[in-house]
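Enquirer: Need the 3D shape of this:
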Amino acid sequence: MEVKNLETKLKPEDYAAIYARKSIKSENNSILSQLSLARDVLYKNNLILYKEYWDEESATKLPPSKRQGFSRLLKDAKAGKFKTVIVYRRDRLARRVHDLIEIKNTFKKYRIKIIYSNDGEYQPSESYLSDFIENIIMAVDELEPQIVAERTNTGRVKKRERKEYSGAGKLPFGFERISQNEKTFYRCNYQTVPLIRELFKMYSKNNDSKSMMDIVKELNNFYENKLPTTSNQVGKIIRNPIYAGYQFINSKYTVFDLFQSDDGLNNFNPDLLQKCVNVQPVVDFDLWVKCITVWRVNYKAFKRKKNQEYLFKGLLLCGKCKKPIKLINNKYRCISKGCSSFNADYFKNELIKYLLDNIIQTMGLESVISHKITQLKRGIQTYNRQLKTVGNDLEKYTLDYVNNFKDKYIANGCKELISDAMIRREDVKARIYDLEARIYRLQEEKEKLNGSINRKGLAGYFLSNQERAHHLISTLVDQVIVNGKENELKIQIR
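Expert: Okay, here's the model as predicted:
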């Protein structure tokens with residue numbers, strides 16, 4: 001007997017759907033933990049799993065109808081596939097009262113019951129009083145974070161108006177919080193004060209002869225207390241006016257707003273800062289201004305240098321003098337004066353043709369992709385065998401249920417086995433789907449490569465996809481040695 005025919009013996013009331021949702025990576029209660037708790041409830045209520053649905057979306061940003069997992073659940077619910085939905089908490093369904101009411105009305109229309117797997121959650125009944133209580137709970141839940149955020153923000157604004165530093169969250173490096181007479185003060189730990197002062201003094205004299213991290217390394221070798229070892233963390237120290245006992249008059253401002261133009265100190269605007277009444281400064285304000293001006297100049301130079309990206313950057317070497325070749329004024333030039341120089345468009349076209357032909361032929365990129373596709377297809381065959389085994393188990397358990405449905409003990413045992421088998425079946429199907437998707441992507445990549453290699457417009461294709469070309473080449477090639485002159489290019493790859 002076919003499994004599908006046997007499954008029709010069961011009623012929609014015997015089936016339940018499980019829904020889980022997680023909005024952010026750092027949020028507790030992962031999708032897996034929500035599904036696990038829901039399965040426990042499923043077994044306790046002698047229900048059979050129809051399907052599991054989940055979303056990784058914010059319920060405040062996306063209404064239920066826009067969430068893919070929940071949309072599929074609603075579609076199956078309206079088709080009468082199940083009559084129970086198990087979810088961890090009501091806020092997994094919706095964060096807003098009107099969204100929850102809409103969901104409940106839809107479920108009522110199709111006679112679908114909601115069970116919450118969290119023990120502390122209010123379990124609703126079908127009475128009007130139950131609906132009223134649940135709506136009040138949801139309204140309070142929706143309002144609570146707004147109230148907390150509003151109170152917190154108002155408190156910070158009031159403190160800023162009183163020229164007090166709030167010290168919300170993690171304190172800046174070296175700082176500590178001191179409570180005296182119901183008032184809070186902030187000061188730098190006396191052990192780190194000499195270290196921080198020396199950092200600001202040395203950085204204020206920075207004329208590019210020493211990088212910020214060179215200064216940090218020198219100070220960390222000298223002092224027992226150590227500065228942070230990343231440029232990002234040290235940059236936060238330099239940029240933070242709290243070390244001079246100041247803060248911005250409004251939290252919306254940043255250090256970039258302090259400079260009215262890029263000309264440096266003459267355009268520094270101190271009116272955006274205010275002195276804090278509850279902070280003991282570590283460095284003089286004028287010293288901090290010098291440091292932030294140096295940082296601003298160095299930051300702009302760094303951004304200009306970093307943003308100057310181009311095809312084959314860092315891969316090219318001159319065959320004559322063994323020095324790097326760089327893109328300068330629309331020409332690929334050797335850094336040695338008077339050495340090799342090539343027109344950028346000609347150079348890129350020739351190099352792309354040579355490199356891609358070489359990669360495909362000598363490194364067997366097509367063969368690698370074909371081999372990977374073969375491996376994935378073998379994986380699908382393995383999972384298909386597992387799927388057949390699970391199908392046989394499901395057929396056996398369903399037959400046992402049909403033959404023994406009058407015996408409650410046996411019937412409940414069969415339901416558990418059926419539910420477990422259906423979970424395994426969905427898991428195997430998902431794995432097969434994943435492998436099929438990977439094969440499709442690899443085949444698509446292989447076709448793109450073949451199309452590029454076999455047609456005349458090879459260079460044109462990759463020139464219009466320079467990021468992809470550069471990523472592919474830099475992954476497979478360590479160095480490209482270029483010899484010759486215009487129209488007589490000689491290339492060697494390593």
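
Enquirer: so where's the longest helix in this protein?
Expert: helix 408-454 (DSSP state H).

Enquirer: From the contact counts, what lies against it?
Expert: Contact partners of helix 408-454 among helices and strands, from 3 or more C-beta pairs under 8 Å, 6 or more residues apart in numbering; DSSP states H and E: helix 31-44, strand 48-55, helix 344-363, helix 365-403, helix 458-463. For glycine as for every other residue, the C-beta is placed from the backbone atoms N, C-alpha and C.

Enquirer: Mind doing that once more with 10 Å?
Expert: For helix 408-454, the packing partners by 3 or more C-beta pairs under 10 Å, 6 or more residues apart in numbering; DSSP states H and E come out as helix 3-7, strand 15-21, helix 31-44, strand 48-55, helix 344-363, helix 365-403, helix 458-463, helix 466-476.

Enquirer: what pLDDT, on average, does it get?
Expert: The average pLDDT within helix 408-454 is 74.

Enquirer: how far off helix 31-44 does that helix point, in degrees?
Expert: Inter-element angle recorded for helix 408-454 and helix 31-44: 150 degrees (by axes from the mean of the first three to the mean of the last three C-alpha atoms, to 10 degrees).

Enquirer: chain center to helix 408-454: distance?
Expert: 24 Å (C-alpha atoms, centre = their mean, to the nearest Å).

Enquirer: repeat for stretch 47-55
Expert: 26 Å.

Enquirer: what ranges do the helices span in the stretch 101-250 of the chain?
Expert: 128-161, 193-204, 212-222, 231-239 (DSSP state H, counting those that start in this stretch).

Enquirer: Just give me the neighbour total for Glu224.
Expert: 7 (other C-beta atoms under 10 Å).

Enquirer: Look up the pLDDT of it for me, please.
Expert: 81.

Enquirer: Please name the spatially closest residue to it (chain neighbours excluded).
Expert: Nearest residue to Glu224, sequence neighbours excluded (C-beta to C-beta, 6 or more residues apart in numbering): Gln191, at 7.8 Å.

Enquirer: can you tell me how far the residue of the chain most remote from its centre sits from Glu102?
Expert: Within the chain, the residue lying farthest from the chain centre (C-alpha atoms, centre = their mean) is Lys406, at 51.7 Å. Using C-beta to C-beta, to the nearest Å, one gets 41 Å for the distance from Lys406 to Glu102.

Enquirer: is it true that Arg424 touches Tyr397?
Expert: No. Here Arg424 does not reach Tyr397: they are 11.6 Å apart, not a contact under C-beta atoms under 10 Å.

Enquirer: which of those two has more neighbours?
Expert: Tyr397 (23 against 16).

Enquirer: ok, now which ones touch that one?
Expert: 3, 6, 48, 413-422 (C-beta atoms under 10 Å, 6 or more residues apart in numbering).

Enquirer: go with 7 Å
Expert: By C-beta atoms under 7 Å, 6 or more residues apart in numbering, the contact set of Tyr397 is 414, 417-418, 421.

Enquirer: Go through these and name the one nearest Gly338.
Expert: Using C-beta to C-beta, Ala421 comes nearest to Gly338 of these, at 76.5 Å.

Enquirer: ok, for the closest one, nearest residue in space, not its chain neighbours?
Expert: Leu394 (4.4 Å).

Enquirer: Please identify which helix or strand holds His336.
Expert: Careful, residue 336 is Ser and not His. According to DSSP states H and E, Ser336 maps onto no helix or strand at all.

Enquirer: for stretch 157-174, which positions count as buried?
Expert: 159-160, 164-167, 172-174 (16 or more other C-beta atoms under 10 Å).

Enquirer: what's the model's confidence in that stretch, averaged?
Expert: Per-residue scores along stretch 157-174 average to 84.

Enquirer: Give me the contact list for that stretch.
Expert: 156, 177, 184, 186, 188-189, 192, 196, 228, 237, 240, 242, 247, 274-279.

Enquirer: repeat that for 8 Å
Expert: Applying C-beta atoms under 8 Å, 6 or more residues apart in numbering, the contact partners of stretch 157-174 are 152, 155-156, 175, 177, 184, 186, 188-189, 192-193, 195-196, 227-228, 233, 236-237, 240, 242-243, 247, 249-251, 274-279, 282.

Enquirer: do you know how far Lys44 is from Asp119?
Expert: 12 Å.

Enquirer: er, Phe285 actually
Expert: 56 Å.

Enquirer: Which of these two has more residues huddled nearby?
Expert: When Phe285 and Asp119 are compared on other C-beta under 10 Å, the one with more neighbours turns out to be Phe285, at 16 against 8.

Enquirer: Next, the contact list for the closest residue to the more buried one other than its chain neighbours, please.
Expert: Nearest non-adjacent residue to Phe285, counting by C-beta to C-beta, 6+ apart: Ala244, 4.5 Å away. Applying C-beta under 8 Å, 6+ apart to Ala244 gives the contacts 281-285, 287-288.

Enquirer: if you set the cut-off to 6 Å instead, what comes out?
Expert: 281, 283, 285, 288 (C-beta atoms under 6 Å, 6 or more residues apart in numbering).

Enquirer: Tell me how many other residues surround the second one.
Expert: Burial of Val283 is recorded as 20 neighbouring residues (other C-beta under 10 Å).

Enquirer: Now it: closest residue in space that isn't a chain neighbour?
Expert: Going by C-beta to C-beta, 6+ apart, Val283 has Phe200 as its nearest residue, at 4.7 Å.

Enquirer: quick one: low-confidence ranges for the stretch 251-400 of the chain?
Expert: 260-266, 299-310, 329, 355-369 (pLDDT under 70).

Enquirer: Could you check how many residues crowd around the residue nearest to Glu224?
Expert: Gln191, neighbours per other C-beta under 10 Å, totals 11.

Enquirer: ok, it touching Lys226?
Expert: No. The criterion here is C-beta atoms under 6 Å, and Gln191 misses it with Lys226 at 10.9 Å.

Enquirer: Mutual contacts of those two, please.
Expert: With C-beta under 6 Å, 6+ apart, Gln191 and Lys226 have no common neighbours.
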